[in-house]
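[1] below: sequence and its predicted model.
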Amino acid sequence: MRQRHPRRGRQGSRALNEAAFVAALRALAGDPAARGLDDDAAVLEFGGESLVLTHDTMVQGVHVREDEDLADVAWKLIAVNLSDLAAKGAKPLGVLVSHMLGEGDERFVRGLREILEAYDVALLGGDTVRAEGRRAWGCTAIGRASHTPVPDRRRAQAGDGVYVTGVLGRAMLGFEDRGSGSADDLAYRRPQPLLAEGRMLAPVVSAMMDVSDGLLLDCWRLAKASQCTFRLESTRIPVADPARASDCMRWGDDYQLLFTAAPDAQLPVAASRIGQVDAAGIPALLLDGQILTPEEGLGYQH
């Protein structure tokens with residue numbers, strides 16, 4: 001699932017990893033709405049409103065199991081996009097969905113209906129295709145920001161606390177507890193985007209994003225975007241299985257909200273303070289005083 005070494009294409013061009021490819025795209029993303037491609041979503045000022053736009057793709061055998069129930073695939077596809085809106089404190093306006101036809105299409109429609117009704121989200125359109133090989137699905141979600149300025153990854157300040165909602169690692173345990181119907185199983189198959197919590201936090205936070213690729217990697221990303229250093233304490237990080245705390249902090253798929261706020265901020269939602277923000281230094285991330293970098297496997301990267 002993880003590509004650790006770049007490969008050569010048919011014309012001898014080098015296949016880039018995810019970080020390198022995004023870096024190459026930054027030269028094309030000069031509009032302020034793109035936020036330098038450092039954020040969960042684009043923020044477009046339009047007609048006196050701040051519109052929030054995000055897009056995610058899911059691939060069979062990479063983001064979901066090969067034999068995943070298509071109803072769960074549809075739910076997760078929409079949920080991960082709504083989670084990006086939550087990190088911007090946005091109220092969903094609608095989604096556009098891309099679906100690759102094949103076995104289980106009716107199940108996909110059922111799961112899509114379930115999550116759209118659960119979160120009162122409109123289906124606005126999309127696309128369908130049929131092709132050979134692994135199936136892939138895409139979703140574009142559109143929301144209206146509830147607060148100005150719209151939360152950003154780039155505004156953490158030295159002296160802020162670092163906070164995370166919920167408990168990390170439940171999706172990892174659910175992946176291993178397949179089909180049991182337990183809370184962990186549902187955390188993996190049917191994540192719950194924290195839309196209401198994101199809107200409540202929007203006026204309070206200095207920076208915010210959702211945890212999708214692992215807490216440590218996403219902390220590193222938030223620190224880099226803000227040009228600060230995050231100093232975390234492992235004993236403060238809430239994990240689902242203390243015996244596997246390192247895995248819980250790296251596995252991802254949690255869709256909790258990671259944010260920074262002033263130390264005296266009155267938080268409107270339950271959250272754990274897991275560290276503090278220091279002025280920019282050479283390391284972006286420290287855990288119990290140890291420097292961590294993405295090359296050490298902080299979370300999921302393509």
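    Ah, there it is.

[2] average model confidence for whatever helix or strand V73 lives in?
    Counting by DSSP states H and E, the secondary-structure element that holds V73 is helix 70-86. The average of the pLDDT scores along helix 70-86 is 97.

[3] same thing with stretch 287-297?
    The average pLDDT for stretch 287-297 rounds to 86.

[4] one more: stretch 44-63?
    In this model, stretch 44-63 has a mean pLDDT of 90.

[5] that older thread, what's the first helix or strand after the helix holding V73?
    strand 90-100.

[6] list the buried ones in the helix or strand just after that next one?
    Sequence order places helix 105-118 as the next helix or strand after strand 90-100, per DSSP H and E. Of the residues in helix 105-118, those buried under the neighbour-count criterion (16 or more other CB atoms under 10 Å) are 107-108, 111-112, 114-116. Just so you know, the C-beta spots here come from the backbone N, C-alpha and C atoms, and that holds for glycine as well.

[7] surely G125 forms part of a strand?
    Yes: the secondary structure assignment for G125 places it in a strand, going by DSSP: H, G, I helix; E, B strand; the rest coil.

[8] pLDDT at it, what is it?
    G125 carries a pLDDT score of 96 in this model.

[9] got any ranges where the stretch 101-250 of the chain has weak pLDDT?
    Residues of the stretch 101-250 of the chain meeting the criterion pLDDT under 70: none.

[10] could you show me where the strands are in it, in order?
    Under the criterion DSSP state E, counting those that start in this stretch, strands of the stretch 101-250 of the chain are mapped to 123-129, 136-145, 161-164, 207-210, 229-232.

[11] I274: what's it in contact with?
    Contacts here follow CB atoms under 8 Å, 6 or more residues apart in numbering; on that basis I274 touches 162-164, 232-233, 236-237.

[12] and the residues you listed, which are buried?
    Burial of the contacts of I274 was assessed by neighbour count (16+ other CB under 10 Å); the buried members are 162-164, 232, 237.

[13] okay if I get those residues as JSON lines plus distance to A271?
    Compiled in JSON lines, those are given as follows (distance: CB to CB, whole Å):
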{"residue": "V162", "distance to A271": "10"}
{"residue": "Y163", "distance to A271": "4"}
{"residue": "V164", "distance to A271": "6"}
{"residue": "L232", "distance to A271": "14"}
{"residue": "I237", "distance to A271": "12"}
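
[14] many thanks, we can stop here.
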